[in-house]
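Below: sequence and its predicted model.
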Amino acid sequence: MAPSANGQTVGRRLPVESAFTRVEDARHRLPRLFGRRDLVVLGLGVMIGSGIFSISGVQAANVAGPAVILSFVIAAIVCVLAAACYAELSSTIPVSGSAYTFSYVTFGEMWAWLVGWALVLELVTAAAIVARVWSAYFLATLDGFGVTLPSEVAKYFGPKAELNLVAPLLLLVLTALIVTGTKLSSRVLTIVVIAKVAVIVLVVIVGAAHINMANYHPFVPMARAAPAAASPTLLGWILDSSFGSFGTMGIFTAASTIVFAYIGFDLIATASEDARSPRKTVPQGMLLGVGAVTILYIAMAVVLVGMRPYSKLGGSAPVSEAFAAVGVGWAAKVVNLGALLALMTVIMVVLIAQSRVLFNMGRDGLLPKSLGRVSRVYSSPARAATAAGFAALVLTLYPKVLDLEELLVIGALFCFAFCAIGVLTLRRSEPNLERGFRVPMVPLIPLLSLASTVWLMLNMKTSTWTKFGIWMVIGIAIYGLYGRWHSRLANEDSWDFDIGDTDPGTGALQPIRNEPERGTELRAIRTPPQQQTKPTRGKHMRS
């Protein structure tokens, strides 16, 4: 096997200077278009999705009861802890790739590949599932405005349809929008996000006027045994016990699923290379986005549970049905329209993030190098974006794609765990590296983030763990057959510069040159430790 820069093979780590050099000296680098506001919009675009209109009702009816409000709080705490870890790492290594790049620098190539492979699972599954759900809301919106499609046509709109033609068409349109340029997609995203937030605020205000306090009792319903045919959680399998639903364990089980609603703040880190002043704007955008979404989700859960008994919230459109039940039918139309906007922005941000992950993995040689190129026409990673859209399109054709929802959650939690450990590891290995944001109370906060993440993963179904294990085995096989041998670190001397990945002669593993006009946004800046002065006496003083 070809030697790497640091003399290792599978465990070779990307030097932190090289992570910056590959962006700063590369001809194929992304234009800086995102400011702090754009990054907040990016986070809101993906975190506010169909979950805010459905997940609280479904989990209340089937798993946690009115205590689903606590499930949202628990999920928010887990995500805030994880966001703090992401914020420090993204301010320390502000290049695109998110947890994949962080792991490459901190743990090594093999672990980075596994994290990147988990990110691919999370993002492709998310885009495919949300596209299917969008088609169902599109049909419901048409019905709400009096437009009824023939049954021969409507059968292709359902989320569980054997052949759904609307979801692939939506993915084609959004992929084309992303391929043609980040600037255009960012403007569209901003307009749509503002509209859907306005819809959510309106729904919360109107719904608050119809709250019945009796619907909050009992707040924590009595625990129920799980059906015999149900797949147990991993924790239940380990303890040889079936926790079922409701009760105290139901709160945590619901929280494991509700994390799906918050996932998206981590995708902001994938846009670090697109951001201006990323050391500051990326952490700020991430934390502000999580805070805003937490308020909106908890407010929606409180209002929804208060409007209708929790046992009646298990329908396909809980919010719309709740408003119809209290005599506010017009609000159902607004909810469906808001859901359409919310789902569309989720798909856009997910595809943008997926393209950045594939772009970096291609630039590092772990995937075909052609993915690591920026289009000269559109100034975007067009090939990576096309690959992301095509993968999601193929998966959304699978009729049972909605059953894979927990897979994207476990993929995200897997990355959360690595980022928590990465903060502790990088603090020890690179203590003097400049950090635009520092996690407070280290090591307590990263350890709490790790513990809460692992706890939620244990509360996921064994069937989900089995599918995740199969996916990771496939990833290891691909790395062993391709990535290990084509890795840029393994073949630094023979890397083909003709495709314009990095300008010849710069030396991809050499530190960044000291050129003031380039600024310091993407530099490995180290603050030297303070010199401790020791008394000079005796022979030292005489000499």
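Arrived safely. Numbers count the residues shown, from 1 in each chain.

show me the contacts for R132.
159-160, 164, 167, 396, 401-402 (Cβ atoms under 8 Å, 6 or more residues apart in numbering). No exception for glycine: its C-beta is placed from N, CA and C like everyone else's.

could I get the residues you listed as a markdown table with pLDDT, neighbour count and secondary structure?
Formatted as a markdown table, the entries for the contacts of R132 read as follows, by pLDDT from 0 to 100; neighbours: other Cβ atoms under 10 Å; DSSP: H, G, I helix; E, B strand; the rest coil:
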| residue | pLDDT | neighbour count | secondary structure |
| --- | --- | --- | --- |
| P159 | 73 | 19 | coil |
| K160 | 77 | 12 | coil |
| N164 | 86 | 24 | coil |
| A167 | 90 | 30 | helix |
| T396 | 92 | 25 | helix |
| V401 | 88 | 22 | helix |
| L402 | 83 | 14 | helix |
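
Show me which of these is closest to A223.
Top of the list for closeness to A223, among these and by Cβ to Cβ, is L402 at 26.8 Å.

can I assume the closest one is in contact with N164?
No. With contacts defined as Cβ atoms under 8 Å, L402 does not count as touching N164, sitting 10.7 Å away.

Identify, from the contacts of R132, the entry nearest to A325.
Scanning the contacts of R132 for proximity to A325, where the rule is Cβ to Cβ, the winner is P159, at 22.8 Å.

measure L119 to C419 for me?
L119 sits at a distance of 12 Å from C419 (criterion: Cβ to Cβ, to the nearest Å).

And for E17?
For E17, the distance to C419 under the criterion Cβ to Cβ works out to 21 Å.

Apart from its chain neighbours, what residue comes closest to E109?
By the measure of Cβ to Cβ, 6 or more residues apart in numbering, the closest residue to E109 outside its immediate chain neighbours is R12, 5.1 Å from it.

hang on, that neighbour is in a strand, isn't it?
No. The assignment for R12 by DSSP: H, G, I helix; E, B strand; the rest coil gives coil, which leaves it out of any strand.

Give me the number of neighbouring residues for W471.
When neighbours are counted by other Cβ atoms under 10 Å, W471 registers 17.

could you pull out the helices for the stretch 301-450 of the chain?
In order along the chain, the stretch 301-450 of the chain carries the following helices (DSSP state H, counting those that start in this stretch): 318-325, 329-363, 382-396, 405-429, 444-458.

Which strands and helices lie in contact with the third one?
Packed against helix 382-396 by the contact rule (3 or more Cβ pairs under 8 Å, 6 or more residues apart in numbering; DSSP states H and E) you find helix 109-144, helix 166-179, helix 329-363.

Check the fourth one too.
Contacts of helix 405-429 with other secondary structure elements, assessed using 3+ Cβ pairs under 8 Å, 6+ apart, are made with helix 68-92, helix 99-106, helix 109-144, helix 247-262, helix 265-268, helix 444-458, helix 462-478.

looking at these, which has the lowest confidence?
Sorting those by mean pLDDT places helix 265-268 lowest, at a mean of 78.

what comes into contact with that one?
39, 42-43, 46-47, 79, 82-83, 86, 90, 98-99, 123, 282, 285-286, 289-290, 293, 349-350, 352-353, 412, 415-416, 419.

mind redoing it with 6 Å?
Contact with helix 265-268 is made by 39, 42-43, 46, 83, 86, 285-286, 289-290, 349, 353, as judged by Cβ atoms under 6 Å, 6 or more residues apart in numbering.

and I251, how many neighbours does it have?
By other Cβ under 10 Å, the residues close to I251 number 21.

Would you mind stating the distance between it and F219?
Computed as Cβ to Cβ, the I251 to F219 distance reads 10 Å.

if we can go back for a sec, could you identify which of the contacts of helix 265-268 has the most neighbours?
Across the contacts of helix 265-268, neighbour numbers were computed from other Cβ under 10 Å; Y86 holds the maximum, 33 neighbours.

For G35, see how far away that one is.
Going from Y86 to G35 by Cβ to Cβ gives 19 Å.

now do C85
When distances are taken as Cβ to Cβ, C85 and G35 turn out to be 23 Å apart.

quick one, which of these two is more surrounded?
C85 (28 against 15).

mind listing what that one touches?
Applying Cβ under 6 Å, 6+ apart to C85 gives the contacts 419-420, 423, 446, 449.

try it again with 7 Å
419-420, 423, 439, 446, 449 (Cβ atoms under 7 Å, 6 or more residues apart in numbering).

try F418
Under the criterion of Cβ under 7 Å, 6+ apart, the contact partners of F418 comprise 99, 103, 115.

Does L39 belong to a helix, a strand or coil?
From three-state DSSP, the assignment for L39 is helix.

per-residue confidence for it?
The predicted structure lists L39 with a pLDDT of 82.

With that, I have no additional questions.
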